[in-house]
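Undergrad: Predicted structure and sequence below. I'll ask about it afterward.
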Amino acid sequence: MSAPLIDALDHQLIEILSKDARISNRKIAADLGVTEGTVRGRIKRLQQEGMIAFTAITSFGLANSAKLAFIGVQTDVDQVKQIAAEIAELPMVNAVLITMGRFNILTFCLFSELDKLHAVASDQILAIKGVHHVETSIAVKTVKYNSRIVKITKDEKLIASDK
């Protein structure tokens, strides 16, 4: 599978949209010196190739769970994908990443009460067959978080190739 070709115009377009996704195609075209049809076509192609997506970024405060926690999970190596899929089914878990290093899996959770976080980490994740250890870290202050750069999502192309 070859990587999509992104040229200088695509990069300029992405930069403009990353600052204001609601800007009109007409304004972008005027700023870049191309036709509106070119802009529209490029945006459509970038979306179809999964290079860009338009979404509203909400604050943690809107989630009724203003605290962020990370749960590191150590598992049997041969069960990582299966266990990650089980963890992903838990309603309080917002993200599941397979990692290298100290943990096989890292999860992100938003929570409002420590009891609920403890229940997820100790009663649900640690109870999964093949999980050996969980370690929870709670974010106490966000120093930097740039939601413009990338939204973490499933890579459908990678998931399809795993099957």
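TA: Yep, that arrived.
Undergrad: so what's residue 29 scoring on pLDDT?
TA: We have a pLDDT of 96 for residue 29.
Undergrad: That one - that's part of a strand, no?
TA: No: counting by DSSP: H, G, I helix; E, B strand; the rest coil, one finds residue 29 to be helix, located in no strand.
Undergrad: how far away is it from residue 101?
TA: 45 Å (CB to CB, to the nearest Å). The way it works is simple: take the backbone N, C-alpha and C, and place the C-beta from them, glycine included.
Undergrad: Repeat that for residue 28.
TA: From residue 28 to residue 101 the distance is 41 Å (CB to CB).
Undergrad: mind showing which ranges of the chain have poor pLDDT?
TA: 1-4, 56-66, 146-163 (pLDDT under 70).
Undergrad: all strands for it, in order.
TA: Along the chain, counting by DSSP state E, strands occupy 67-75, 93-98, 105-111, 131-138.
Undergrad: Can you say which of those strands is nearest to residue 16?
TA: Judged by CB to CB, the one of these that comes nearest to residue 16 is strand 93-98, at 28.0 Å.
Undergrad: hmm, back to that, okay, residue 29 and residue 101: which has more neighbours?
TA: Between residue 29 and residue 101, residue 29 has the larger neighbour count (other CB atoms under 10 Å), namely 17 against 7.
Undergrad: can you list the domain ranges for the protein.
TA: Following automatic domain parsing, one finds the domains of the chain at 8-48, 60-138.
Undergrad: I'd like these as JSON lines, with distance to residue 145 appended.
TA: Formatted as JSON lines, the domains of the chain follow (distance: least, CB to CB, whole Å):
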{"stretch": "domain 8-48", "distance to residue 145": "15"}
{"stretch": "domain 60-138", "distance to residue 145": "9"}
